[in-house]
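In: let me see the structure of the following:
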Amino acid sequence: MDAYTSVLDALRADRCRRLRDYTPVPGARFTTWLVVVARRLCLDHVRRRYGRPQSDDPARRDEHAVRRRLENLVAAEIDPEMLTTDAAAPDQALRNSELAAALRDALADLEPLDRLLLALRFEDDRPVREIATALQLPSVFHVYRRLAAVLAIVREALERRGVREAEP
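Out: From the prediction side, this is the model:
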C-alpha cells in the first residue's frame, strides 16, 4: 500500500508532469507505458525505504535481506498511539524548547537568501528544479551545493550553542 501511495504521489507531482510528458508512439499503448513508469516508481520507493544492495557478495546480500525483514517487522509493530504521549517528562519538554530556540537563533544568523533557500526546500517542499529557477541559479547542482553549505553553517552554529545531537 505504501508503494501504491508513493506511485500516486509521484504521478500527481508537479501538476501531473509525468502523465503530461507522455508522448504516443505508434505500436505502443499508454497502459504499457504506465506499467513501466509505475514499476520504476515502485523500485524507487523500495530503494528509498531499504536502500540498494551494495555488493554481489552473498553474505552482504543476506545481511541486506535481514535488515529489510527487520525494517518490515519493526514498522509493522509500531503503534501510532505509542508515538504521541501527552505525559512527556518535564525535562523533555524543556530540552525540546531549548533545541527549538537554538535552531531559531542559528537560522536567524543566516543570510536572507539562505533562509529563503531552506524555506523553499524544507517548509514548502519545492522541487530543486523549481528552486533553481526561483533563485536564478544556473542548475540544480548549484542548489544542492548551496543547501549542503548552508546546512553545514547551521550545524556549526548549533554546535557553538551546545547542540551536538539531532535528538532531543
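In: lowest mean pLDDT among the helices and strands of the chain, which one is it?
Out: Counting by mean pLDDT, DSSP states H and E, the weakest-scoring helix or strand in the chain turns out to be helix 80-83, with a mean of 60.
In: residues in contact with the following helix or strand past it?
Out: Counting by DSSP states H and E, the next helix or strand C-terminal to helix 80-83 is helix 90-108. The contact list for helix 90-108 (Cβ atoms under 8 Å, 6 or more residues apart in numbering) reads 115, 118, 154, 157-158, 161-163, 168. Where you see a C-beta, it was placed from the backbone N, CA and C, and this is true even at glycine.
In: rerun at 6 Å
Out: The contact list for helix 90-108, computed with Cβ atoms under 6 Å, 6 or more residues apart in numbering, reads 154, 157-158, 161, 163, 168.
In: in that helix, what counts as buried?
Out: 99, 102, 106-107 (16 or more other Cβ atoms under 10 Å).
In: name the helix or strand for Leu41, please.
Out: helix 30-50.
In: any idea how far that helix is from the chain center?
Out: 18 Å (Cα atoms, centre = their mean, to the nearest Å).
In: with that, I have no additional questions.
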